[in-house]
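Participant: give me coordinates for this.
(chains A and B)
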Amino acid sequence: MTDILHYAFVQKALIAGIISGILLAVIGVYVVLKKMSFIGDGIAHSAFGGVALGLLLGFNTTAAAVIFSWIIAMLIGISKKNSKTSEDALIGIFFAFTMALGVIFIGFNKTYNADIFGYLFGDILAVTDKDLYAIGGVCIMVLASVYIFFKELLFFSFDEEGAKVSGVNTNFIYFLLLTLISFTIVVSIKIIGIILAVAFLIIPASTALLLTHNFKKLMILAVVISVISTVSGFAISYAFNLASGAAIVVVATVIFAGVTAFSRLRK
Amino acid sequence: MSEIIISLKNVFAGYDNRFVVEDVTLDVMKGDYLGIIGPNGGGKTTLLKLIAGLLKPAKGEVKVFGKDPMKFNTIDRLRIAYVKQETNIDTGFPVSVLDVVLMGLYAGIGPAKRIGKSHIEKAYAALKKTGMDGEALKHIDALSGGQKQRVFISRGIVNNPELLILDEPTTGIDAKNQSAFYALLYELKKDLNLTIIMVSHDISMIAKQVTKVSCVNHKIHVHGEPEGVLTNEQACEVCGIDTDFIFHGNKNIRILDVHEHKEKENL
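Facilitator: Take a look at the predicted model:
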C-alpha cells in the first residue's frame, strides 16, 4: 500500500485531503457551536451552481464556485439581517435556487462531458496542481483569519448579543464566518464533494465536543479526527475504487459513533 | 443636579411593523437604580435592547451618554454592561468560567492580540466581586443558574462600566439565592458607583431596592419612586401586580385589596 505514495497524483491527493481536512475541522467547530450547519449546507449546495457556471463559460470551476458561493453566502447573510422570512426558509430557498441554476447551466452545456459525480461526491485523485495552490491559498487565508479573530469568533459563537454589546463588531464577524465557510467548502469540493461537504464540517467538531470542555483542545481534537478520517478514507477509497468523499465521511461517522458509545460507557 | 445618562424621547420600536414599545419617553439619571415591571410581551426587554444598542427604534430618539447607542464605538461600549436572562445562554459550550469573564475584555484588547496575565488578573478580580473566584476553572455548565448569573455579572463589570442593564436576572434562581443575588447587586452598585436598570417580576425586591420604578405595558404607564408607583392603582392594573402587600423598608404597606379584574379572571 505504501508504494502508492510514490505517485505524484497520490501525493497531491493526500496533501489536498489533509489541508482541507484541517480547514473543514477548524471552521466546523464554529459551525457546530453557532448551530450554522444548515447555512453551511446551503453554501455547499450553492457551489454546484458555481461549478456548472464555470463549466458552461469555460472558466476554472474552483474559481467560479468560490465567487458564486461567496456571493450566495453574502446574500443569505444580508437577507437574514433584513428579511422577515425566517433564516431557515431563506437558506432553503437559496439552496434550491442555486441547485436549479446548476442543473440549467449543465443543460445549456451541449459539449459538456465533465464528471459531475466527482463534484457531487468527491474525486480526490483528480486534484491538480492548480487545485493544490487554491487549497493552499485558502488555507493560509482561513487560518490567518481564525488566528487574528480567534477571540471575536469565540465570543460571537458563544453569545452574539453579549459580544455586540461589549463592543465586538458582530456584523463583521458574521460575514467573515460566512466567507470562511464558503471558501473552505468550495476548496474541499474535489476531495469531499458538494453533497457531503457539510457532513465533514459537522462530524469532526461534534465528535471532539464529546471528548472535551476546553475550546482549544476541541479545535485540536477536531483537526486530528478530521485528518485521520481523511487519510484512512482516502486509503479505503483507493483500495476499493470508491468515491473519496463518501469513504471519508463513512470513516468519520464510524469514529463519531465509537466516541459516542465510549462517552456513554464512561458515564 | 445629577446628570442624565439615558434619554428616550417619543420612542416607538418593535418587530415586523408591530410596535412593542409605543411613545416611550424616559430619563435615567446617573446613580439611579431603575426597576422595570410589567406583563410579559409588554416591551420590557425591547426597551432594554434599545438602550443597549441592540435594536434600532422605528421612531423617536434614544441617547445613552449623549450618543445614539447604535453608533457606539468600542470605548463607548465598555461603559455599559448588559446581562440577559441566563436561560438564553447556550449550554454545552466548551468554555470555563474564567473564559466567559475574559470575553468581556476582548473588544478592549482588540483582534490579533492574545490574553495576558493582566487580563486574567482583571477577570479574577471581577469574579471575586461576585464571590465566584473559587469556580474560575470550572466548565460554565457545571454551575447552577444563580452561579452562572453571577459569572455573567462578573463579565459585565470586568471593564468597570458605568451602566449595568439586567433582564430578569433571577429567572430560574430559587428564593433563597434570589435574596443573596439582590444583596450582591446592591453592594456592586455602591462599590462601583453603578447606574442599574433591571427588568424584574419580583415586586417585593423592586420595592426594597430600587430608587425608581417604571411600569411598562407598551407605554410607560407610571414612572417614579417605588412607593408611589406600587401604590398606584393604575400601575397595579396595567402591570398585573398580584402582591397584596408590598414590603418597603421596615414598613408593611397594604396597597390594594385583591383586584377586581383578577377576581373576574378567577371566575
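Participant: what's the neighbour count on the closest residue in space to B:Lys30 that isn't next to it in sequence?
Facilitator: Once flanking residues are discounted, B:Lys30 sits nearest to B:Glu3: 4.5 Å by CB to CB, 6 or more residues apart in numbering or on different chains. Just so you know, the C-beta spots here come from the backbone N, C-alpha and C atoms, and that holds for glycine as well. B:Glu3: 10 surrounding residues under other CB atoms under 10 Å in any protein chain shown.
Participant: who touches the one helix or strand A:Arg264 maps to?
Facilitator: Following DSSP states H and E, one finds A:Arg264 within helix A:244-266. The contact list for helix A:244-266, computed with CB atoms under 8 Å, 6 or more residues apart in numbering or on different chains, reads A:13, A:17, A:121-125, A:191-193, A:195-197, A:199-200, A:203-204, A:206-207, A:210-211, A:225-226, A:228-230, A:232-234, A:236-237, A:240.
Participant: selection in PyMOL covering whichever of these are buried, please.
Facilitator: Selecting only the buried entries of the contacts of helix A:244-266 in PyMOL, with 16 or more other CB atoms under 10 Å in any protein chain shown as the criterion:
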select buried, chain A and resi 13+17+121+122+123+124+125+191+192+193+195+196+197+199+200+203+204+206+207+211+225+226+229+230+232+233+234+236+237
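Participant: among the contacts of helix A:244-266, name the ones in helices.
Facilitator: Counted as lying in helices by DSSP state H, out of the contacts of helix A:244-266, are A:13, A:17, A:121, A:191-192, A:195-197, A:199-200, A:203-204, A:206-207, A:225-226, A:228-230, A:232-234, A:236-237, A:240.
Participant: coming back round to it: report the angle between the helix holding A:Arg264 and helix A:194-209.
Facilitator: If you take axes from the mean of the first three to the mean of the last three CA atoms, to 10 degrees, helix A:244-266 sits at 20 degrees to helix A:194-209.
Participant: in helix A:244-266, what counts as buried?
Facilitator: Under the neighbour-count criterion of 16+ other CB under 10 Å, helix A:244-266 has A:244-252, A:255-256, A:259 buried.
Participant: include pLDDT when you put the residues you listed into TSV, please.
Facilitator: Output for the buried residues of helix A:244-266, formatted as TSV (pLDDT from 0 to 100):
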residue	pLDDT
A:Ser244	83
A:Gly245	85
A:Ala246	87
A:Ala247	90
A:Ile248	90
A:Val249	91
A:Val250	94
A:Val251	95
A:Ala252	95
A:Ile255	96
A:Phe256	97
A:Val259	96
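Participant: and the two most separated of these?
Facilitator: Spatially, the most separated pair among these is A:Ser244 and A:Val259, at 22.7 Å (CB to CB).
Participant: find the nearest non-adjacent residue to B:Ile157, please.
Facilitator: Excluding its sequence neighbours, the residue lying closest to B:Ile157 (CB to CB, 6+ apart) is B:Ala126, at 5.4 Å.
Participant: wait, that neighbour touches B:Val151, no?
Facilitator: No - using CB atoms under 8 Å, B:Ala126 makes no contact with B:Val151, being 9.4 Å away.
Participant: now B:Ile220, what's its secondary structure?
Facilitator: What DSSP: H, G, I helix; E, B strand; the rest coil gives for B:Ile220 is strand.
Participant: give me every residue that touches it.
Facilitator: B:24-26, B:214.
Participant: just those: which are in strands?
Facilitator: Counted as lying in strands by DSSP state E, out of those, are B:24-26, B:214.
Participant: from what I can see A:Val194 touches A:Tyr119, true?
Facilitator: No Val there; residue A:194 is Ile. Yes - taking CB under 8 Å as the definition, A:Ile194 is a contact partner of A:Tyr119 at 5.9 Å.
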